[in-house]
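Chemist: just coords:
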């Protein structure tokens, strides 16, 4: 029996960082344009620190812990103060980060939050105080799990009955790690369910006009598979060649949504009824992102389909998975329409 290909399913969204990693850590360095009341040299100073971000595929906003530090020599502009010297400034902030979904390579984001500023050498009415901050930036992937990160952060604090402003321009190297694993649904104690009795095949009496009971385009007298589901493409004998799953995924995700889950259920019902078939689920991606990340994403999406089929009653040894990444495009990856065709799930059936 020839192998049977299932038409590709459309996957939602393009990928900048192909795998949805749980954690990101970014060492940063930059320049803080000071409000000026401290009298820092050149009215600003270098800052360095780190940012730690947690990503949950079910959350729209990702929490981030930001720590920025500087130790700067101070003077007071045109006149000296007795307290001139080194001033340590430590800022810690808890932010919410929203990452925008795009079709391109760059991954923009915006963030806002609340922080605490601590000053070691308090001058000119400066005190330890809370501050509000907001920022924008973008990540530029350079390899799997590594990206360049650029951002600008605005900070506003109330200090001794006045408002002070700071703007920091930051550059960092972003490291992502902790990719979530696909977990199969918990399996209860095995329950033996008797297979449904095969439906009796009714041989119609000869008629002058040959009919097509299952409406697959093959006359009943030639149809060797008389109960083909409606909408399934068949060969000259009336047996299945191609069927569509139409499985959609969110951007940077391999979670199957409710609409697609109904299509997986139909395919599971088909496999349970056609017990002579085995299925190979094959995942494909477009060319956005690194080859290694796309290979892992295609495997994860194929695994997600298998996990759902097994949970719906298909024996695990009848289904295997393969990830092909971006290696087998069926359309041009240089435009949005072509990339959408290349983001697909295929299944190969064999006896």
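Modeler: Sure, I can see it. For clarity, every value in this text was computed on a predicted model and none was experimentally measured.

Chemist: what's the domain layout of the chain?
Modeler: The chain breaks down into these domains under automatic domain parsing: 4-16+196-350, 23-177.

Chemist: looking at this, residue 339 is in a strand?
Modeler: No: counting by DSSP: H, G, I helix; E, B strand; the rest coil, residue 339 falls outside a strand, being helix.

Chemist: and whatever helix or strand residue 303 lives in, what does it pack against?
Modeler: Using DSSP states H and E, residue 303 sits within helix 291-311. When contacts are defined as 3 or more CB pairs under 8 Å, 6 or more residues apart in numbering; DSSP states H and E, helix 291-311 sits against helix 258-273, strand 278-284, strand 319-323, strand 344-350. Where you see a C-beta, it was placed from the backbone N, CA and C, and this is true even at glycine.

Chemist: averaged pLDDT, it. What do you get?
Modeler: On average, the pLDDT along helix 291-311 is 89.

Chemist: next, the buried residues of it.
Modeler: Judged by neighbour count (16 or more other CB atoms under 10 Å), helix 291-311 contains these buried residues: 293-310.

Chemist: among the helices and strands packed on helix 291-311, show the one with the smallest mean pLDDT.
Modeler: When these are compared on mean pLDDT, strand 344-350 scores lowest, with a mean of 77.

Chemist: quick one: strands adjacent to that strand?
Modeler: According to DSSP bridges, strand 344-350 has the following sheet partners: strand 4-5 (antiparallel), strand 278-284 (antiparallel).

Chemist: of all those, which lies closest to residue 102?
Modeler: strand 278-284 (20.7 Å; CB to CB).

Chemist: and the angle for that closest one with helix 258-273?
Modeler: Interaxial angle, strand 278-284 versus helix 258-273 (axes from the mean of the first three to the mean of the last three CA atoms, to 10 degrees): 150 degrees.

Chemist: ranking helices and strands of this protein by mean pLDDT, which lands last?
Modeler: Taking mean pLDDT, DSSP states H and E as the measure, the chain has strand 4-5 as its least confident helix or strand, at a mean of 38.

Chemist: for the closest residue to residue 142 other than its chain neighbours, give me its contacts.
Modeler: Leaving aside its chain neighbours, residue 142 sits nearest to residue 148 (6.2 Å; criterion: CB to CB, 6 or more residues apart in numbering). Contacts were defined as CB atoms under 8 Å, 6 or more residues apart in numbering; by that measure residue 148 touches 139-140, 142, 171-174.

Chemist: compute the number of surrounding residues for residue 196.
Modeler: Using other CB atoms under 10 Å, residue 196 is surrounded by 8 other residues.

Chemist: report the secondary structure state of it.
Modeler: Following three-state DSSP, we place residue 196 in the coil state.

Chemist: ok, it to residue 316 distance?
Modeler: Using CB to CB, to the nearest Å, we find residue 196 at a distance of 21 Å from residue 316.

Chemist: likewise residue 134?
Modeler: From residue 134 across to residue 316, the span is 49 Å (CB to CB).

Chemist: need the contact list for residue 292.
Modeler: Shown in contact with residue 292 (CB under 8 Å, 6+ apart): residue 144.

Chemist: what is the end-to-end distance of stretch 45-61?
Modeler: 31 Å (CA to CA, to the nearest Å).

Chemist: got the buried residues for that stretch?
Modeler: Neighbour-count burial for stretch 45-61, with 16+ other CB under 10 Å as criterion, is recorded at 45, 47, 49, 51, 53, 55.

Chemist: show me where this structure has its strands.
Modeler: With DSSP state E as the criterion, the chain has strands at 4-5, 23-33, 44-54, 62-73, 86-99, 107-119, 129-143, 146-158, 163-177, 233-234, 240-242, 278-284, 319-323, 344-350.

Chemist: single out the most deeply packed of these.
Modeler: Per residue and on average, the most neighbours among those fall to strand 278-284, with a mean of 23 (mean count of other CB atoms under 10 Å).

Chemist: quick check: angle from that strand to strand 319-323?
Modeler: 20 degrees.

Chemist: which residues touch strand 278-284?
Modeler: By CB under 8 Å, 6+ apart, the residues outside strand 278-284 that reach it are 8, 271, 297-302, 305-306, 309, 314, 318-326, 328-329, 342-351.

Chemist: now do stretch 87-99
Modeler: Against stretch 87-99 from outside (CB under 8 Å, 6+ apart): 38, 40, 45, 47, 49, 53, 60-72, 74, 107-121, 123, 131, 133, 135, 155.

Chemist: now do it: distance to the chain's middle.
Modeler: 25 Å (CA atoms, centre = their mean, to the nearest Å).

Chemist: adjust the sequence numbering to begin at 36 for everything that follows.
Modeler: Sure, I'll start counting at 36 from here, so that last one is stretch 122-134.

Chemist: just checking, residue 89 touches residue 98?
Modeler: Yes: judged on CB atoms under 8 Å, residue 89 makes contact with residue 98 at a distance of 5.4 Å.

Chemist: residue 175 versus residue 238, what's the distance?
Modeler: For residue 238, the distance to residue 175 - CB to CB - is 67 Å.

Chemist: what does residue 136 give?
Modeler: For residue 136 relative to residue 175 (CB to CB), the value is 16 Å.

Chemist: residue 344 is in contact with residue 355, isn't it?
Modeler: No: look at residue 344 against residue 355 with CB under 8 Å: they stay out of range, at 11.1 Å.
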